[in-house]
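Trainee: Got a predicted structure here, sequence first:
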There are 2 protein chains.
Amino acid sequence: MAAASAKHDVFQAIADPTRRRLLKLLSNQEMPVTAISEHFPISRTAVSKHLKVLSEAGLVKERKVGRETRYKLEPDPLVELKDWLQYFELFWENKLNALKRFVESDESEVDLSINLSGEDKQRK
Amino acid sequence: MAAASAKHDVFQAIADPTRRRLLKLLSNQEMPVTAISEHFPISRTAVSKHLKVLSEAGLVKERKVGRETRYKLEPDPLVELKDWLQYFELFWENKLNALKRFVESDESEVDLSINLSGEDKQRK
DNA sequence: TCATTACGAAACCATTTGGTTTCATATAAA
DNA sequence: TTTATATGAAACCAAATGGTTTCGTAATGA
């Protein structure tokens, strides 16, 4: 699945603060472009281009209704971000806790090579 | 807290695929620049610039050892990403579950307007 | 029918980005 | 001391980015 969002990836799409605001705005409601752009200090055309980027990343879906195009959030591609982040969960906050979670959750697909004490983490 | 990583934010820092690879590489080990750049098809100088961006976002820490500068991951700023993502958790995965959680938790501060059927809710 | 509204495409522009090569400097090694 | 190594700063460049204004077209409404 996850229809190969070729041209723009999620990481790049959310790099821009305007686009992040767009995503939040559209998470609550489906909205047409003009209404959307009233929430931003830039031109409608500029908003339209941001929406295009988001669309190419698969993060919004558009639907034509009469003469307007309504956009809404399509959150699925954010899973990629979540997965990426998950790798690093091990390293922040309480690192020991993270390790514990990791060992317990048995989603040990990757050997992260963290060796905190010289102990063998493969213990069961 | 969270020492105002002014110039580059986390979102922008991780937008570049090379920088994402750098973070993974440095999560396991502290490494000097030349060794790092052997893992990439670009010049050492280019790698150095990427490291600077990561550093300005607070995502790596450098330490001078003799004539080399060693870099390692500093994962704390990723929490910002995690928090941002968390907002959207409601919307992906099993949307019915999310809705259920939402309804049950009675923290109905926001009208999430999840439209499960594809019907136009505005019809009156 | 004719005017208005909603929208995206196009052309254009300044700035940022990601890369290069060259150079200066500090440390290590011979 | 002299040479080699490790690194970042500087100058430069092409392409991408984020914005603008102008224009064409489709749908609504008077």
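Mentor: Sure thing, it's come through.
Trainee: from here on, contacts and neighbour counts on C-alpha atoms
Mentor: OK.
Trainee: And stretch A:71-80, what's buried?
Mentor: By neighbour count on 16 or more other C-alpha atoms under 10 Å in any protein chain shown, the buried set for stretch A:71-80 is A:71, A:72, A:73, A:74, A:75, A:76, A:77, A:78, A:79.
Trainee: now, which of those residues lie close to chain B?
Mentor: A:75, A:76, A:78, A:79 (C-alpha under 8 Å from any C-alpha of the partner chain).
Trainee: Now, those that are in strands?
Mentor: With strands taken from DSSP state E, there is no overlap with those.
Trainee: Which residues of chain A lie near DNA strand D?
Mentor: A:12, A:15-16, A:18, A:41-47, A:50, A:65-67 (C-alpha under 7 Å from any atom of the strand).
Trainee: Now the buried members of these.
Mentor: A:12, A:15, A:44, A:47, A:50.
Trainee: which pair in these spans the largest distance?
Mentor: Pairwise distances across these (C-alpha to C-alpha) peak at 21.3 Å, for the pair A:12 and A:44.
Trainee: Residue of chain A closest to DNA strand D, please.
Mentor: residue A:66 (3.1 Å; C-alpha to the nearest atom of the strand).
Trainee: circling back to that earlier point, among the residues of chain A next to DNA strand D, which ones are in helices?
Mentor: Those of these mapping onto helices are A:12, A:18, A:44, A:45, A:46, A:47, A:50, per DSSP state H.
Trainee: Run through the strands of chain A in chain order.
Mentor: Residue ranges of the strands in chain A, as given by DSSP E, are A:31-32, A:60-65, A:68-73.
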